[in-house]
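> any chance you can model this:
(one chain, ligands or ions: 2)
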Amino acid sequence: MTNILGNFTGRLLLVGCGNMAGAMLDRWLGAGLDPAKVAIVDPFAAPRADIAHFASVADWLAADGAAEWVMLGMKPQQLNDVAGELAAVAAGNTYLLSILAGVSLADLAARFPETKAQVRILPNLAARIGAGVSAVASLGAADEAAVTALLEPLGTIVPLADDSTMDLVTAFTGSGPAFVLRLIEAYAAAGERLGLSAEDALKLAAATFDGATALLAASDEKPGVLVSQVASKGGTTQAGLDVLDTDGQLVALMTNVLRAARDRGRELADLARGES
Ligand SMILES: NC(=O)C1=CN([C@@H]2O[C@H](COP(=O)(O)OP(=O)(O)OC[C@H]3O[C@@H](n4cnc5c(N)ncnc54)[C@H](O)[C@@H]3O)[C@@H](O)[C@H]2O)C=CC1
Ligand SMILES: O=C(O)[C@@H]1CCC=N1
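Ligands and ions are numbered 1, 2, ... in the order given. So this is what the prediction gives:
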């Protein structure tokens, strides 16, 4: 990994450092971020070597905590628990980053009106290996170069003009790895049901998904063209596709999956506002 964050200026406070924020932090440290510039507030996560750790924002403040960058990395439902104490911290010289599903830029601006900018980032867990996708939208005078430096070690960056589509993007790319992994599980389970050993089925399923996505990435063709290159007329693939393509059931299923995940984002925003 490059040393892109070796010269990162400013101190970073992570409020909540579980699966997602923890994966981001690992990448940032790997990209040269100085651990002495980082503090974590998390009442439950295990402390990390070399990083100051506090159970609450109040404890961090009592230890003279100060930060130019504050990232919300807990669950949206926990925003009410931390927002009061944080509002005083997230003031004039501070950039607010949020990875909270559902919580809009307008909500962040209402909660933290004094920050220089509110930046809504929607990463995904593949950031753990630098193969993630981060959608990003902001309000106010965001330091775009610094935000880009933070997002680059995570994988692909997709800037959005505003956050009006962020709930759908959250479902699409944020929840997406779970949906794709479930598809792989189902593929393996079907192989097992038809006679493969569990071990062979998972290995073959993972390699098949891997190869298919790599093929698409390396090709200028649309997926359908590659499908037709696999499916011989009257052959095995076409027999399977005839089932898969019946009545557009696969697209209908995926639409329902994404709609449910997208709409849950709106509910989470209500919970974060203390409205449900
Ligand atoms: N897991 C994922 O793939 C993605 C998660 N997100 C967002 O990331 C956020 C965190 O999700 P995960 O990492 O999956 O959850 P998680 O449960 O792994 O991490 C949440 C962390 O917040 C801590 N926490 C609980 N109460 C707290 C408090 N009062 N103050 C500070 N920290 C507190 C917990 O101890 C935990 O370590 C959520 O807002 C989610 O919407 C966004 C994109 C992808
Ligand atoms: O499941 C969730 O709510 C979070 C947001 C996207 C992925 N994980």
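> what about whichever residue of the chain sits closest to ligand 1, how many neighbours?
Closest contact between the chain and ligand 1, by C-beta to the nearest ligand atom, is at G18 (1.9 Å). C-beta coordinates here come from the backbone N, C-alpha and C atoms, glycine included. Neighbour count for G18, taken as other C-beta atoms under 10 Å: 14.
> now swap in L29 and tell me
18.
> that one against P35, yeah?
Yes. Assessed by C-beta atoms under 8 Å, L29 is found in contact with P35 at 6.2 Å.
> check what pLDDT S276 gets.
At S276, the model reports a pLDDT of 67.
> residue of the stretch 101-250 of the chain closest to ligand 2, please.
For the stretch 101-250 of the chain, C-beta to the nearest ligand atom, closest residue to ligand 2: G174, 3.1 Å.
> contacting residues around that residue?
101, 122-124 (C-beta atoms under 8 Å, 6 or more residues apart in numbering).
> what sits up against stretch 40-47?
Here stretch 40-47 makes contact (C-beta under 8 Å, 6+ apart) with 13-18, 22, 25, 48, 51-57, 59-60, 74, 82.
> show me which of those residues are buried.
Among these, the ones that count as buried by 16 or more other C-beta atoms under 10 Å are 13-17, 22, 25, 48, 51-54, 57, 60, 74, 82.
> and these, which two are furthest apart?
R48 and V82 (19.6 Å; C-beta to C-beta).
> and the residue of the chain closest to ligand 1, how far from ligand 2?
According to C-beta to the nearest ligand atom, to the nearest Å, G18 and ligand 2 sit 11 Å apart.
> looking at it, that residue is touching L72, isn't it?
No. Here G18 lies out of contact with L72, judged by C-beta under 8 Å, at a distance of 12.0 Å.
> wait, P35 sits on I51?
Yes. At 5.0 Å, P35 counts as touching I51 under the criterion of C-beta under 8 Å.
> if we can go back for a sec, so the residue of the chain closest to ligand 1 versus G30, what's the distance?
18 Å (C-beta to C-beta, to the nearest Å).
> L12 too?
Distance of L12 to G30, given as C-beta to C-beta: 15 Å.
> who has more neighbours out of these two?
Neighbour tally, L12 and G30, criterion other C-beta under 10 Å: the higher count belongs to L12, 22 against 14.
> contacting residues for that one?
L12 sits next to 33, 37-39, 67-71 when contact means C-beta under 8 Å, 6+ apart.
> which of these fall in strands?
Judged by DSSP state E, the subset of these located in strands is 38-39, 69-71.
> possible to save these as JSON lines with neighbour count and pLDDT?
What follows is these, written out as JSON lines (neighbours: other C-beta atoms under 10 Å; pLDDT from 0 to 100):
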{"residue": "V38", "neighbour count": "23", "pLDDT": "98"}
{"residue": "A39", "neighbour count": "21", "pLDDT": "98"}
{"residue": "W69", "neighbour count": "23", "pLDDT": "96"}
{"residue": "V70", "neighbour count": "25", "pLDDT": "97"}
{"residue": "M71", "neighbour count": "23", "pLDDT": "98"}
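> want to try a markdown table for those, with distance to E275 as columns?
What follows is the ones in strands among the contacts of L12, written out as a markdown table (distance: C-beta to C-beta, whole Å):
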| residue | distance to E275 |
| --- | --- |
| V38 | 33 |
| A39 | 31 |
| W69 | 28 |
| V70 | 24 |
| M71 | 24 |
